[in-house]
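Asker: what's the 3D shape of this:
(3 chains)
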Amino acid sequence: MSDSQKPTLMIIDGHSLAFRAFYALPVDSFQNREGQHTNAIHGFLSMLISLLQNEKPTHLAVAFDISRYSFRTREYPEYKGTRGETPVEFVGQIPLLEEALKAMGIQTLSKEDFEADDILATLAHEGSENGYRVLVVSGDRDAIQMVNDNVTLLYPNARGVSELKRYDRDAVFERYGVEPHQYPDVAALVGETSDNLIGVDKVGEKTAVKWVNLYGSLDEVLAHADEIKGVVGQNLRDQIDRPARNRKLNHLLTDVDLPVSVGDLDRRPIDETAVREVFDRLQFKTLLQRVMKIAAAERGDDATAAAPSDAVDDAAAIPAIRTMVDEELAKWISTNSKDNTAPLGLTVTSVDGVVTGLGLATATETAFVPWAADRPDYEALTTWLASDSPKFMHSAKTQLKIAADSGLNIAGVAFDTMLAAWVLKPSGKPEELEAQVYSYLGETIEQGDPNQLVPETEELSPATKSWYVVRLAEYLASRLDEGSLAVLTDIEMPLVPVFAQMERTGIAVNRQLLTDLSSSLSTTAADVARNAFEVIGREINLGSPKQLQDVLFTQLEMPKTRANKTGFSTDAASLADLQEQAPHPFLDLLLQHRDATKLVQIITGIEKAIDDSGRVHTTYEQAGSSTGRIASNDPNLQNVPVKTATGRQIRASFEAGAGFDTLLTADYSQIEMRIMAHLSGDEGLIQAFNEGEDLHRFVGSRIFGVEPADVTAEMRTKVKAMSYGLAYGLSAFGLSKQLRIETSEAKALMTDYFARFGAVRDYLRNVVEQARVDGYTTTIFGRRRPFGDLNSKNRVLRDNAERQALNSPVQGSAADILKRAMLQIDADIRSEGLQSRMLLQVHDELVFEIAGGELERMTTLVHERMSGAASLTVPLDVQIGTGHNWDAAAH
DNA sequence: ATGCGAACGTA
DNA sequence: CGTACGTTCGCATG
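Answerer: Residues are numbered from 1 along each chain as shown, chains lettered A, B, ... in the order given. Here you go, the predicted model:
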C-alpha cells in the first residue's frame, strides 16, 4: 500500500501548540467583545484548519495535559520547575478551544497523571503498527523520539505556529545527526532548560551527538565514561546521574491505557450550528468562513465552496493571477480604479534594485505586469502610477525608491499597511506582509510544496501581495481610532515620498577630510595605548571590558564600580568615579583611547557609505520607534558627533554638494520643555517662554530665589539637568548621580522645583494615571502608544512603564511637530519650484542644501513653517544657521 | 556564523 | 535608580 492510500492519523499536542500560538500572536489584537483573550485559540485553529486542508487526515485527535503535575513530577519534583506562572491572558483560552474543537467534531483526549506527550506517543505507536501514516504535531522536542518510517513530526519554527517543519527520519538525522530513537539520549546529555533538566556541563549538542554515534546509545556512553578524555569526560563522570535521570524523564510512554483506540479517532462531521455559535462568540469571522468551506467540501457540496461568485466563501481564496500588458492592462486599470477614484493594491518587485514587475489588485482580482523599461506601451500604467489615483501598498517608501531608480514615478500612496500596523501598535520591528496576513487576517500563506523536506520559501507574486494589501488595509483602517487614523493619513502617509526623496538625495561628504582625521585619530589611539600598556606593565585589548576588569580590580585593586551582568562596569561614568576615589594615569589614558577609537569607528562607518558621487544615503526607519520618532540607519546620521571639538570635525566633513551654495540647519530650541509647558499649563513655565528669557536662568531664579542676573553657572547647570530629567521620569537618586551631589540635595532641588512649577508634577502624575486607565498615552495630534505594564505587579516593569508613559506624549508630540513642519516645507519647495533640498532629519533639526539665490526665501519659509507647525500656549523657537558644512551651519 | 551585552554616539 | 534610537566590539555560543 502506498503512503497516499494509507489512512492518515493526525495527533496534536494541544497545550504546546496553543502556548506557541499565544506567544506568536499579539494578545492585545485578539479579544472578543467580552474582553476574553482569544489569540491562542485563533492561532491554534488557524493552524489546524490549514492542516486539515493540506494533510487531509482521516483520523484526528488533540491531546491536552490535565495539569502541570504528572507521574514525572511525583518522581522528580523539580521537573519543569523553572516554568513560571501561566500568563493570565492564556488562562481560560483552553476550555474555549476545547469547545471549538468539539463543535468541529474533533476528539480531545487527556488522562490524569500523564502528559499529553505520553498520549501522543501511545497513539503514534499504535497507528504506526497498524498501517497508518501518522502525523504528530507538537512543539515539544521530546516528540522527536516518536518519528519512524511511518511517523512524521510537524514542529513549529521559531516564528510561532504559522510554519510547521516536517521531521521525518531523514530530516531528524539531517538536523540532529542521530536516528530519532537516539534523540532522547542526546537530549539527556545536553539537558533541557525548559523542563529544568540540567545536562552535563560543557556538553552541547555537538559533543552529545559525537558520543552517541561513537557508542550507539546513552547506556553505552555511560558504560564507557572512563574512556572519555578531557574536562568534558571528567564532567560526565562527576555528573553521571544527570543524564541517567534526564533519560528516565524524557522517555515517553507508548503503553498508556486509553479509552479509545486509533480506529475510534475517525473524523466526525462538523457541527455547523455549533461552530457558528462558538466562532461567533469568539468573533472569528475569517476562521468561520474557512471552517465552513471545509464543512461544505466534506459533505460533498464542492459547488458552493468553489463558486467564485460566492463572496463569503471566496474571501480567503487567492484569486488567480492574470498577466497583462498593453490594452488589456489599460482597460483593467481604468475599470478597476473607476477612472482614478478607487484604490488599487500595488506592489513593485525588483531584482538587484531594478524593477522587474508590478502587481495590481482589487479585493477580488489580481494582475501581474512584467516590467521592462524600454517597452513603449505602458502609458496607461505609468500615467496611473504618477497620478493621485489612490494606491494601497506595504512599505511604500522602499518601493517608491526602487521605482524612481528605474525611472518610474509613483504618487498617490493612500495607504501603507506597514505604517498603519505600526500606528496601531508602535512597538518592535514592523511586521513583514506575510506576518501581518497571519496576525490580522488569521490566514497562513502557503510556502512552497508542504511535502518538501525543506520547503523552499517561494516568493509570493506581487499580484497576490497586492491582494493581501487591499484586504489588510480594509481591516487595519477599521481598527484605527479617529486620532490614529488622522496621524496616519495626515502625517505618516504624506511623509512617505518626502523621506524617499531625502534618502535618494543623500548628503555630500568630503572624503579627504575624513581620511585625514581618521589617520590622525588612529595615531593618537596607538600612542595612548602604548602609554597605557607602559603604565600597567602589560599589553591588553583596551576594548575588552573583561580584560579591563582584570586590570582595574585585580591588578590595580581599585574600588568596585557599579555591577553589571559580566562583573563591574568600566563605562565612562564609572571610570570618572574611580579617578576621584583612586586617581591613576591609566584611567585617563583609557578614556582617551575610547574617545579616539570611537571616532575612528564612526568615521569608518560613514566612509564605507559614500557612493560614487561622493554622497551618503541614510535609510529612515519610519515605522520603528514606539514614540513616533523616526530612526536613521545604514549609516545612522542621527548620531554624528557634535559635543566635542574633534567630533565636530566629523560634522564638518558633511558639506553642500556641487551646484549648491550652502547648507542650512534649522532646529527647535527646547521643544520638549515647551511641550511640557503647553501640556501642563504651568503658569510659571509658560511665562518663562513667553518672556523669551533664558529658560534655565528664569527657572533658576525662581527656585533659588535670586534675580535672573544672579543665577550662577553652577545653579544653571543644576536647573538644566533637573528640567531635562523631568521629561524622562528622573529620580532624586538619578539626579544626584548625574550632578555628583548628595541625594538629599537632589531631593531638595526637586522639592523646590515642584513648589514653583507644581502644575508640571500634576501633569506628569496625571499622564501616568490616565494611561493606567486607558491603556495608552496620546500625543497632541492623537498618536497613541499602548502600555501593558502600568498595572504590573512587578515593580521594575511597572516603574519602567511609568517613565515611558510620562515621556511618550512629550517626545511623541515633538516628533509630530517636526514631521508636520517637514510636510509643509516640502510642499512649499515643490509649489514654488525651488531647487533647494531637504537632506536630513535629526529629531529636532532639519538640514537643507541651498541652491543659488534661494537662501533668503528658504530661511524665511523654513522658519515660518517650523514655528507654525503647532499652535501651543508658548511660542516654538526656531534657530537657523548657514555655512558650507554641517558644523559651520550650526549655531 | 549568530546572538547578546557593554559601551557610547545623538536628540 | 532617565526617555528614544543604531552601531560596534568582544565573547560565548554554534
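
Asker: Would you mind measuring from A:I491 to A:P875?
Answerer: 22 Å (Cβ to Cβ, to the nearest Å). (Glycine included, C-beta is placed from N, CA and C.)

Asker: Between the two, point out the one with more neighbours.
Answerer: Taking neighbours as other Cβ atoms under 10 Å, A:I491 and A:P875 compare with A:I491 leading, 21 against 12.

Asker: Could I get the contacting residues of the nearest residue to the more buried one once chain neighbours are set aside?
Answerer: With Cβ to Cβ, 6 or more residues apart in numbering as the criterion, A:I491 has its nearest non-adjacent residue at 5.2 Å, and that residue is A:K819. Counting by Cβ atoms under 8 Å, 6 or more residues apart in numbering, A:K819 makes contact with A:491-492, A:495, A:628, A:630.

Asker: residues of the host helix or strand of A:K819 that come out buried?
Answerer: Assigning secondary structure by DSSP states H and E places A:K819 in helix A:795-831. Residues of helix A:795-831 classed as buried: A:801-826, A:828-829 (neighbour count, 16 or more other Cβ atoms under 10 Å).

Asker: Please apply the same query to stretch A:203-220.
Answerer: Under the neighbour-count criterion of 16+ other Cβ under 10 Å, stretch A:203-220 has A:203, A:207-209, A:211-212, A:215, A:218 buried.

Asker: Any idea how many residues pack against A:E503?
Answerer: A:E503 has 18 nearby residues by other Cβ under 10 Å.

Asker: Domain-wise, how is chain A divided?
Answerer: Split into domains by automatic domain parsing, chain A comes to A:8-265, A:340-444+A:459-506, A:507-608, A:671-807.

Asker: Please tell me how far the residue nearest the centre of chain A sits from A:T417.
Answerer: Nearest to the geometric centre of chain A sits A:K429, at 2.2 Å (Cα atoms, centre = their mean). A:K429 sits 15 Å away from A:T417, going by Cβ to Cβ.

Asker: And the helices in the stretch 351-500 of chain A?
Answerer: With DSSP state H, counting those that start in this stretch as the criterion, the stretch 351-500 of chain A has helices at A:379-386, A:396-405, A:417-424, A:433-436, A:462-479, A:482-486, A:493-505.

Asker: Can you flag the weakest of those helices by average pLDDT?
Answerer: Out of these, helix A:433-436 stands lowest, with a mean of 90 (criterion: mean pLDDT).

Asker: Report the backbone C-alpha coordinates of that one in CSV.
Answerer: This file holds the C-alpha atoms of helix A:433-436, laid out as CSV (Å, rounded to 0.1, in the frame of the first residue of the first chain):
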residue,chain,number,x,y,z
LEU,A,433,3.5,41.4,4.9
GLU,A,434,3.3,37.7,5.4
ALA,A,435,3.3,38.1,9.2
GLN,A,436,0.6,40.7,9.0
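
Asker: other SSEs contacting that helix?
Answerer: helix A:417-424, helix A:462-479 (3 or more Cβ pairs under 8 Å, 6 or more residues apart in numbering; DSSP states H and E).

Asker: In chain A, which residue sits nearest DNA strand C?
Answerer: A:G734 (2.5 Å; Cβ to the nearest atom of the strand).

Asker: List the residues that contact that residue.
Answerer: A:G734 neighbours (Cβ under 8 Å, 6+ apart): A:G725.

Asker: Cheers, nothing more for now.
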